[in-house]
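return atomic coordinates for the entry below.
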Amino acid sequence: MAARDPLQSFHPAVRRWFEAAFPKGPTLAQRKGWAPIFAGESTLLLAPTGSGKTLAAFLVALDRLMFSRTTTPEPRERVRILYISPLKALGVDVERNLRAPLAGIHAVAQREGLAHHLPTVGVRSGDTPQSERARMLRHPPDILITTPESLFLLLSSQARETLRGVETVIVDEIHSLVASKRGVHLFMSLERLEHERGGPEVAPTQRIGLSATQRPLDEVARLLGGFCEQQDELEGPPRPRPVTIVDAGRRRALDLIVEVPVEDMARIGTAEYEGREDELPAELAAGAEAAGVAGQGQRRSIWPSIHPRLVELIEQRRSTMLFVNNRSLAERLSQAINTVAGRELSLAHHGSIAKDRRAMIEDRLKRGDLPAIVATSSLELGIDMGAVDQVVQIEAPPSVASGLQRIGRAGHQVDGTSRGVIIPKYRHDLLACAAVISHMREGLVEPTLYPRNPLDVLAQQLVAMVSIASGPVDVEALWRLVRRAAPFAELGRRAFEGTLDMLAGRYPSSDFAELRPRLIWDRLAGTVEARKGAQRLAITNAGTIPDRGLYGVFMLGEDGAAGTRVGELDEEMVFESRDGDVFVLGASSWKIVEITRDRVIVVPAPGEAGRMPFWHGDGPGRPPAFGAAIGALARKLGKLEREEAETLLQQEHALDPLAARNLIDYLGDQREATGVLPSDKTLVVERWIDEIGDWRVAVLSPFGARVHAPWATAIAGRLREGWGGDSGGVEVDMLWTDDGMAFRLPETDQPPPASLFFPGPDEIEDLVVENLGGSALFAARFRENAARALLLPRRQVGKRTPLWMQRKRSADLLQVAGRYRIERRLGRGGMASVYAAHDELLDRPVALKVLSDKFEGQQAALDRFLQEARFIARLHHPNVVEVLNFGTTEAGLVYLTMELLDGEDLRQMLARKSLLSWRQVLPIMLDLCAGLGAAHRSGIVHCDLKPANCVRVVDNGEEMVRIVDFGIATDVSQPRPASKQVVGTPTYMSPEQAQGECVDHRSDIYAAGIILGELLTGRVPFEGASATAVLTGHIHMSPPSLSELAPAGVMIPPALDALYARALAKQPEDRFASIEAFAEALRDLDISGAFDSLHPTWSLSRLTAAPRRVSTGPGNALRVGIAALVIFALGGVSGVAAGELVEEIPEAATLSDAVDQLELAPDLKVDAEWGPVYARSQPATPEPVSRRHRQAPIDGVEDTDEDEEETPEVVEELPGLDELSGHRELPGLEPAPTESPEPNEPNEASLEEGMLAPPPHGAPALLNVD
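Residues are numbered from 1 along each chain as shown. Predicted coordinates:
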């Protein structure tokens, strides 16, 4: 029976075009892949590079798109085919390659008069101009080519409407995404796409995954297809959607050889070297360190022998691609090749070179104008580089899969042969080169698993999903949606809710402006909704690749500003550079003209010798499976005679004779030194005493850095505990590489036993967990995860956050989180935030007060914070809160730990109870007096006594009041001048405090009297439309009696009226002489029966203050004006004390209402809130000018695509974002981002133009508006 024609299912026009374009017929990948794709099945297609798998995926979708829409016109233009590429350049390449089939099929259909639709194609990435994006939004293309990050941005903006008609999703080079969080991010976005299309009620999209190197296929298929939605927990775990696996991965023809350019790699020559130790090969760097050589000079090096051989290889072929494992080496090697050749033979190509220059280099290689290109992993994937004749790999590739991808760039066509030359840099590298060759020939790539439950990615996606919803989002629906993505199919409910808890505000912070809650979680209703600014936050921080701290490099423009982008440099290199320095980038020399906060301005410097750039970055580490293969080869070679081993290496591992002899010699030297070879079955521990008497221990293992990093961390922790009778506290240095671990230990009588370095399987996990938290590795990963989870977001679109600042803020979070588990925020004021926390060390609840980072480096603020801790520590009284600890993290975060009071403050109690009886009031006042008495006897005046700072608690079954917040307290036992600064809460200020004069204990008595009256009547003596009016009342007006304040029908005994009037006397000497005397007078009153008999029901909100007479003399007006000026100026900077911030502040009917609403304000900076309040209190002030900039729409935010080794590029910044900060910039720091003001809300610019300008940061005073 004849085999079925694989082209039979296509439309005749498609079939005829294909037969004419490819007379040899379909490839194996196409023949096997078309059947399931035509059947509408999601398909994972594995096939070698150059086998036509991309066309196999597209052609079926094109057939449907061109010849099925003609009979049923679509009501709206929408994207039908979505192609996702991990590289922007690959997407552009695919768009170019699609032109041939589209034009060809169109021509056939026209010639034969067949009705058809000619699809449109669009590319959306970080390189897409804004005008093109707007056009695609109005008229979506039929085929959209994009990247994972751009898809996320589309789904998080109004452009998601254009994706609701997607029928086919093609994920190219899927193997590059599987093992990374970037892949998790993408496949969660695909589930969001399914939700936008209609959710489980609509048939899912057909997903097609393409890869040349991926195992195990069933793991990749689960990731590609996702899981069915689980409607009921009783159904068991979610079920994966069906995915058809098509394995067309036949072995590709490979012509491989491992060459060594010297007779004996153990006796190489010397070369002049100028550069950094971390750029040297491992053996040379170790030798340089041992010799104490740094910087420059003569080094033993194999490079003088490698460079001429590379020139020979390049000149023998038309086009050559050289692959190296880091960007620094690409730059150096390209320059060295050109120097040896005496002409331009090669150019460097990597992610830190500007995209336009990279495209120029690629085009030159394709045209044959450039003989060679030195690349990193930026060209490892399936970009069409034309007819590349050979690939040269310097050093063993990072993995077998990487080796196949790189060598596969040569002969990149159907049935082509890939020629590759691998040149090792040092002797141990020979072993890895030999192992990778045999596995490449067999196609044995390393198994790859996708990450499970990365909560940082989940947090980012949750914020994006909730922020685009039109209203509250059901938590259960969100839970089911998340679990449809394969990485989260096994997500536990506790972890999911813990992530929501964090996003709702339960995380450690130092009151950084951006570390506020992102979502509002209504647990009773079971819904979440976004806070203001959440959508912009998610969009401006899209993606998963961590910020490595890179500076953009730009040519000097004609107007003196930054012009064309050249590339980017590592932050550390920029810090080491100065104006006038010359460096090499992209094989060209550039002179630095200026270094700004976020970019380097340069001019060309042709012919000048330049410094080689460097970039720091963590490599992925050798896969353990590849390490095991290296170890197995070493074990196998160790059992053979020399001749047998050399023959094996030359025949099965493609080593040339010199390479084979060098490897056998190397293994022989190792066996002679230790008696045994390290392998997959045997690990070697070497111990010796160095020149200064310390122990050095090396553990030789082939399993790679992914295994060695946690292993070394566990061993170091065990060594620090001591051994052999040592009591512990041992200082240990460690490092790890792909080939083992090394430790440096203090001198001891006995060498460390080998057993210390091999923990048992039952203890290794505990050791790693115990010691990981204090490691640099964990700190780095914590910073990256915190940024992904939007805890340390990018401050502004297109503006880099210095890496040192990210590290500092991350260290702040990490150190506090290490001991204190933050549970919720209790309040936030101008100087600090207070959190409910749990002390993990002592296992007890605590209150954690954290000084705001805006006071960093301001000694006055630090002194005040420390003073508060010392004041409270002096008292030790049951009616004063207890201080437990005071500390500063290594990164400078200052915090104060106090006991957590489980109760309510008097302000809350007043709001809950409409009226208190004398029987309730008296014990409260006596407790308050007792606490103040303890403070006064120690010389401490509270200065901010008010109901919010008096907390009712239950201690041993007895109710009592405790005084908190000594933040602006003063020590009157020490001589001090009058400050003339008004600091405190205006409603409770004594006259002398309101005028900035010296205060003593009688100021607290004045405030206590106001509290007494408020508890009894619900009113305070002085209210007004502004703080100025309140202060004026305290200074000049006679306070109303309690009888005047009391509700109608309530009779106040004369004795109580007299006591109240004495406490509120204008002159301190007319008040009670001491707080004890005040308490005694309260006890002596016998009024409970009369007062308790009248208890009418009334509402606090209906009460209004009676107008009082005020002196209007010029002197008095001037004093009040000065006081008001100080208050408003300080309020604009230092903030307003606020309770829990829960909702938007509405437009107030009166100024008094506006001041009251400040306590219910949302998570906005005080400057933005105070502006409208003060503006309405100044009727003569002109209306503030309109905002000078307009925010771009959400869809205008630039994409941040994440290529391998490429930094996300922002083509265009959002206008005006850098102008919307409510605070001035601290020297050396970027301003903290704030929410954008509402259209009618004055920003800082309007304050300067028409009102009072806030002073610079650091004003050593605080205004609390109660």
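
and Val374, what does it touch?
322-324, 330, 333-334, 337, 346-349 (Cβ atoms under 8 Å, 6 or more residues apart in numbering). All C-beta atoms are positioned from the backbone trio N, CA, C, and that covers glycine.

of those residues - the most surrounded one?
Neighbour counts for the contacts of Val374 (other Cβ atoms under 10 Å) peak at Ala348, which has 32 neighbours.

for that residue, give me phi and psi.
Main-chain dihedrals, Ala348, degrees, to the nearest 10: phi -80, psi 150.

can we start the residue count at 833 from this point?
All right, first residue 833 from here; so that's Ala1180.

pretty sure it is in contact with Ser1160, am I right?
No. Counting by Cβ atoms under 8 Å, Ala1180 sits too far from Ser1160 to count as a contact (9.8 Å).

and Val1529, bridged to which residues?
Here Val1529 shows beta-bridge partners Arg1519, Phe1575, assigned using DSSP bridges.

wait, it sits on Phe1589?
Yes. Counting by Cβ under 8 Å, Phe1589 is a contact partner of Val1529 at 7.0 Å.

you'd agree Leu1728 is up against Lys1681?
Yes. Judged on Cβ under 8 Å, Leu1728 makes contact with Lys1681 at a distance of 4.3 Å.

go through the longest helix along the chain and flag the buried ones.
Identified as the longest helix of the chain according to DSSP state H is helix 920-943. Buried residues in helix 920-943, counted by 16 or more other Cβ atoms under 10 Å: 920-927, 930, 933-934, 936-938, 940-941.

and for stretch 1433-1442?
For stretch 1433-1442, by 16+ other Cβ under 10 Å, it's 1433-1434, 1437, 1442.

pLDDT on it, on average?
Stretch 1433-1442 carries an average pLDDT of 83.

centre of the chain to that stretch, how far?
Relative to the mean C-alpha coordinate of its chain, stretch 1433-1442 is positioned 35 Å out (Cα atoms, centre = their mean, to the nearest Å).

likewise for stretch 1230-1240?
30 Å.

other residues contacting it?
880-882, 1007, 1044-1046, 1084, 1086, 1088, 1153, 1155, 1157, 1209, 1212-1213, 1223, 1225, 1228-1229, 1250-1252, 1268, 1271-1272, 1275-1278, 1280, 1451-1452, 1454-1455, 1458, 1461.

ok, now stretch 935-942?
So stretch 935-942 is contacted by 845-846, 848-849, 852-853, 894, 898, 946-948, 950 (Cβ under 8 Å, 6+ apart).

repeat the analysis, applying 7 Å as the threshold.
Stretch 935-942 is touched from outside by 845-846, 848-849, 853, 894, 898, 948, 950, with contacts defined as Cβ atoms under 7 Å, 6 or more residues apart in numbering.

what is the nearest of those residues to Leu1290?
For the contacts of stretch 935-942, the minimum distance to Leu1290 (Cβ to Cβ) is 35.8 Å, reached by Leu894.

for the helix or strand harbouring that closest one, packing partners?
Assigned by DSSP states H and E, Leu894 falls within helix 885-899. Judged by 3 or more Cβ pairs under 7 Å, 6 or more residues apart in numbering; DSSP states H and E, helix 885-899 is in contact with helix 860-870, strand 875-878, helix 920-943, strand 1000-1003, strand 1038-1043.

swap in 6 Å and give it another go.
helix 860-870 (3 or more Cβ pairs under 6 Å, 6 or more residues apart in numbering; DSSP states H and E).

mean confidence score for the helix it packs on?
91.

can you show me the strands along the stretch 1433-1582 of the chain?
1516-1521, 1527-1532, 1565-1569, 1572-1577 (DSSP state E, counting those that start in this stretch).

for Ala867, find the nearest of the ones you listed.
strand 1565-1569 (47.6 Å).

may I have the phi/psi pair for Leu1086?
phi -120, psi 130.

which residue packs closest to it, ignoring adjacent ones?
Once flanking residues are discounted, Leu1086 sits nearest to Ser1250: 5.4 Å by Cβ to Cβ, 6 or more residues apart in numbering.

the one you found: how many residues sit nearby?
24.

can you tell me how far it is from Gln862?
Look at Ser1250 and Gln862: by Cβ to Cβ, to the nearest Å, they are 20 Å apart.

got the domain ranges for the protein?
The chain breaks down into these domains under automatic domain parsing: 844-1079, 1086-1119+1127-1274, 1287-1372, 1382-1436, 1733-1942, 1952-2082.

among these, which comes closest to Gly1719?
Using Cβ to Cβ, the domains of the chain put domain 1287-1372 closest to Gly1719, at 12.4 Å.

SS state for the residue nearest the centre of the chain?
Closest to where the C-alpha atoms of the chain average out (Cα atoms, centre = their mean) is Ala1619, at 0.9 Å. Following DSSP: H, G, I helix; E, B strand; the rest coil, we place Ala1619 in the helix state.

pLDDT value on it, please?
80.

again with Met1869
Model confidence at Met1869 (pLDDT) stands at 91.

tell me if Val1206 really is in a strand.
Yes. If the criterion is three-state DSSP, then Val1206 is within a strand.

and the contacts of stretch 1230-1240, which of them are buried?
Buried among the contacts of stretch 1230-1240 by 16+ other Cβ under 10 Å: 880-882, 1007, 1044-1046, 1084, 1086, 1088, 1153, 1155, 1157, 1209, 1212-1213, 1223, 1225, 1228-1229, 1250-1252, 1268, 1271-1272, 1275-1278, 1280, 1454-1455, 1458, 1461.
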